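# When you get a sec, could you give me coordinates for this:
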Amino acid sequence: MSRILVTGAGGFVGRHAVDHLGARGHEVIAVSSRARQREDRPGVQWVQCDLLAPNAAAELTGAVRATHLLHLAWYAAHRAYWTSPQNLEWVGASLRLLRAFGENGGARVVMAGTCAEYEWGHESRFVEGATPLAPATLYGAAKHGLGVVADAYAQQEGLSLARGRIFFTFGAGEAEERLVPAVARALLSGREARVTHGAQIRDFLVVDELAAAFGALMESGVEGAVNIASGAPIALRDLVAMVGDATGRPDLIRYGALEPPPGDPAEIVADVRRLREEVGWAPRESLADGVERVVAWWRGRA
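Model prediction:
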């Protein structure tokens, strides 16, 4: 099995990716900018490293000599990440990491991209290599720009590189301000859950499924952009209703109590043919079952 360096390992997606890869038998070097209190599972080693520091990438990759890299680290403060200048810092840090990884014997790289790289507003599903790439935010532009440069560098240097474009996710350990935990926590505490009209169509994966998809992409030889999503459209209203059913308090949901964000797209759904046919991965459970699991997790912390 592979020796995999995972950045952003202490983050929402990263924690689940580390667990998945460790369970698959890989040797995992889990990198976080913060000191970890969590005990290592067999095959997982935690390393504290600030990748924004100028020499951090070279020192880290030279020390661990990983064969594979799963790069998830990025600035991810809720809502602020869309416009934060820290996106620029992470482009530079990611390119330094990619170069250092290759120069220290690395062979296979998977980077986290985003559906925000696409031009939003299309009624059809987003297709890698077909749907226009015209990001509307600094975050999307930074991820897209990184992808263009990373692809060119990898091709030049003989690195195998794939970029998993994340659509929408929720799950255990998510920031409390985000949709699913905000609704679940309100309902579990007997409070009203105020949401928008909920007509927006989105494409969701539970976070541990998302981590498994990244693991499958890592283990494959597929290169280039790959949508990491379910391919199953759902209205936000229907997702919120699942949370209501799982908590037993759908009566407390107040649809239309909030206005959608300005310019909120009507529909964002992935074409997942590359993920299913080339990578060979598809979700293992229904979205409703995933919601039940996640609500149970929040219930245990209510």
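# now for the longest helix along the chain, which elements pack on it?
Looking across the chain with DSSP state H, the single longest helix is helix 138-157. On a contact count with 3 or more C-beta pairs under 8 Å, 6 or more residues apart in numbering; DSSP states H and E, helix 138-157 meets helix 86-103, strand 108-114, strand 160-166. In this view, the C-beta of every residue, glycine as well, is placed from N, C-alpha and C.
# Any chance of the ones you listed in CSV with mean pLDDT, distance to Arg254 and mean neighbour count as columns?
CSV is the format used below for these (pLDDT from 0 to 100; distance: least, C-beta to C-beta, whole Å; neighbours: other C-beta atoms under 10 Å):
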stretch, mean pLDDT, distance to Arg254, mean neighbour count
helix 86-103, 98, 34, 20
strand 108-114, 98, 30, 24
strand 160-166, 98, 29, 22
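# rewinding a little: tell me what angle the longest helix of the chain forms with strand 160-166.
160 degrees (axes from the mean of the first three to the mean of the last three C-alpha atoms, to 10 degrees).
# Can you give me the domain boundaries for this protein?
3-169+204-231+271-279, 174-202+233-269+285-299 (automatic domain parsing).
# Go through the ones you listed and pick out the most buried.
Stretch with highest mean neighbour count among these: domain 3-169+204-231+271-279 (a mean of 19; mean count of other C-beta atoms under 10 Å).
# what's the first-to-last distance across that domain?
In domain 3-169+204-231+271-279, first residue to last residue: 20 Å (C-alpha to C-alpha, to the nearest Å).
# can you offset everything so residue one is 4?
Taking 4 as the first residue, the last one we looked at is domain 6-172+207-234+274-282.
# returning to what we had before: can you put the helices and strands packed on helix 141-160 in TSV and add distance to Asp53?
Output for those, formatted as TSV (distance: least, C-beta to C-beta, whole Å):
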stretch	distance to Asp53
helix 89-106	9
strand 111-117	18
strand 163-169	23
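# Please identify which of the ones you listed is closest to Gly46.
Gly46 lies closest, by C-beta to C-beta, to one member of the helices and strands packed on helix 141-160: strand 111-117, at 18.0 Å.
# which strands and helices sit next to the closest one?
strand 71-74, helix 89-106, helix 141-160, strand 163-169, helix 210-222.
# Next, format those as a markdown table and append distance to His23.
Output for the helices and strands packed on strand 111-117, formatted as a markdown table (distance: least, C-beta to C-beta, whole Å):
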| stretch | distance to His23 |
| --- | --- |
| strand 71-74 | 10 |
| helix 89-106 | 21 |
| helix 141-160 | 22 |
| strand 163-169 | 13 |
| helix 210-222 | 5 |
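# So which of the ones you listed is nearest Pro286?
helix 210-222 (5.2 Å).
# got the angle for the helix or strand that the closest one is followed by vs helix 210-222?
Sequence-wise, the next helix or strand downstream of helix 210-222 (DSSP states H and E) is strand 227-231. Counting by the same axes, to 10 degrees, strand 227-231 lies at 160 degrees to helix 210-222.
# Wait, Trp93 touches Trp77, no?
Yes: between Trp93 and Trp77 there is a contact at 5.1 Å, judged by C-beta atoms under 8 Å.
# Mind pulling up the pLDDT for Gly266?
For Gly266, the pLDDT comes out at 87.
# residue with max distance from the center of this structure?
Distance from the C-alpha centroid of the chain peaks at Asp254, with 31.6 Å (C-alpha atoms, centre = their mean).
# residues contacting it?
Gly247 (C-beta atoms under 8 Å, 6 or more residues apart in numbering).
# got it, and Gly227?
By C-beta under 8 Å, 6+ apart, the neighbours of Gly227 are 131-132, 154, 164-166.
# ok, Tyr78 - contacts?
Per C-beta under 8 Å, 6+ apart, neighbours of Tyr78: 84, 87, 89-90, 92-93.
# Touching, Leu72 and Arg102? I think so.
No: the pair Leu72 / Arg102 is not scored as a contact, 11.5 Å apart, by C-beta under 8 Å.
# OK, contacts around the spatially closest residue to Gly174 that is not a sequence neighbour?
Sequence neighbours aside, Val210 is the residue nearest to Gly174 in space, at 3.1 Å (criterion: C-beta to C-beta, 6 or more residues apart in numbering). By C-beta under 8 Å, 6+ apart, the contact set of Val210 is 15-16, 19, 172-177.
# Narrow those residues to those in helices?
Among the contacts of Val210, the residues falling in helices (DSSP H) are 15-16, 19.
# Look up which helix or strand Val34 falls in, please.
Here Val34 is assigned to strand 30-35, by DSSP H and E.
# And for Gly293?
helix 290-302.
# just checking, what packs against the strand holding Val34?
Strand 30-35 packs on strand 6-10, helix 15-26, strand 47-51, going by 3+ C-beta pairs under 8 Å, 6+ apart.
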